[in-house]
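Student: Build me a structure from this.
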Amino acid sequence: MKIPELFYGLPRDVKRRCERAVTALKRGGSLADALGSELLDTATTDGLIVLDGPSPLVGGLEQFCMYPLCLAAESRLEESARQAVHDELLGPAWGVLALQGQGLQTWLAGGQRRRLAFLRGCLRHWDTLEREGVRYSSGSNTPTTVWGASRCLYFALANEGASTELLREFSGDLFEHGDVPKHEGGLRRLMERAGLLAAIEAGET
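Tutor: Next up is the predicted model:
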């Protein structure tokens with residue numbers, strides 16, 4: 001997977017870059033221009049892929065810090081501009097990761113349209129995200145899979161009616177240890193069992 005270089009480095013440096021990117025957005029710039037064109041390949045770049053923070057446990061390490069862009073956007077952009085950023089981030093696989101931090105749960109609580117669009121993006125890219133293996137973090141220095149670090153995924157599913165029992169069945173010991181899910185069929189099967197797959201896929205073209 002390739003991720004914009006802006007997201008890689010010490011958390012404090014990534015935060016500064018993301019804040020500059022949001023400033024560019026406020027001035028009318030595009031997200032693509034604000035993030036820059038340079039990409040890093042996760043296959044050849046060391047470090048965790050951190051989906052939530054900041055956390056002192058990983059603050060001194062170079063890593064892919066996916067959360068600061070949306071945190072800055074949430075605090076500094078008008079709602080329509082934030083929505084445009086979120087919609088655009090649902091396009092690439094790395095963008096789905098940038099929307100997984102707990103700070104985005106307020107946005108997801110804002111309506112079913114947002115949740116279904118978010119879940120659609122997760123479903124579209126989940127196989128790619130899973131292939132990164134045990135490399136993700138939600139602030140811990142102990143890596144886990146994307147299943148174990150993606151808090152917004154479970155928040156959105158629960159708010160659309162997926163039961164805690166079903167989420168536990170598919171996520172193994174996520175709620176305690178963030179282990180690899182034990183159920184065959186993955187995210188698509190989870191959504192199907194929850195009765196959500198048709199609604200989630202309805203927006204696909």
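Student: Let's see the pLDDT reported for the closest residue to Gln105 other than its chain neighbours.
Tutor: In space, and not counting its chain neighbours, Gln105 is closest to Phe155: 5.1 Å by C-beta to C-beta, 6 or more residues apart in numbering. For every residue, glycine as well, the C-beta is placed using N, CA and C. At Phe155, the predicted lDDT confidence score is 93.
Student: Just the element for Phe155, please.
Tutor: Assigned by DSSP states H and E, Phe155 belongs to helix 151-159.
Student: any idea of the angle whichever helix or strand comes after that helix forms with helix 151-159?
Tutor: Scanning forward in sequence from helix 151-159 by DSSP H and E, the next helix or strand is helix 164-171. Relative orientation of helix 164-171 with respect to helix 151-159: 140 degrees, computed using axes from the mean of the first three to the mean of the last three C-alpha atoms, to 10 degrees.
Student: Mind listing what's buried along the helix holding Phe155?
Tutor: Arg151, Cys152, Leu153, Tyr154, Phe155, Ala156, Leu157 (16 or more other C-beta atoms under 10 Å).
Student: What is the neighbour count of the closest residue to the first one other than its chain neighbours?
Tutor: Right, the one you point to is Arg151. With sequence-adjacent residues excluded and distances taken as C-beta to C-beta, 6+ apart, Arg151 is closest to Gln102, at 5.2 Å. When neighbours are counted by other C-beta atoms under 10 Å, Gln102 registers 15.
Student: Retrieve the pLDDT associated with Gln102.
Tutor: In this prediction, Gln102 has a pLDDT value of 83.
Student: Quick check: it vs Ser80, distance?
Tutor: With distances taken as C-beta to C-beta, to the nearest Å, Gln102 is found 23 Å from Ser80.
Student: who's in contact with the spatially closest residue to Gly60 that is not a sequence neighbour?
Tutor: Distance criterion C-beta to C-beta, 6+ apart; nearest residue to Gly60, sequence neighbours excluded, is Leu10 at 7.2 Å. The neighbours of Leu10, taking C-beta atoms under 8 Å, 6 or more residues apart in numbering as the test, are Gly59, Gly60, Leu61, Glu62.
Student: Good, wrapping up.
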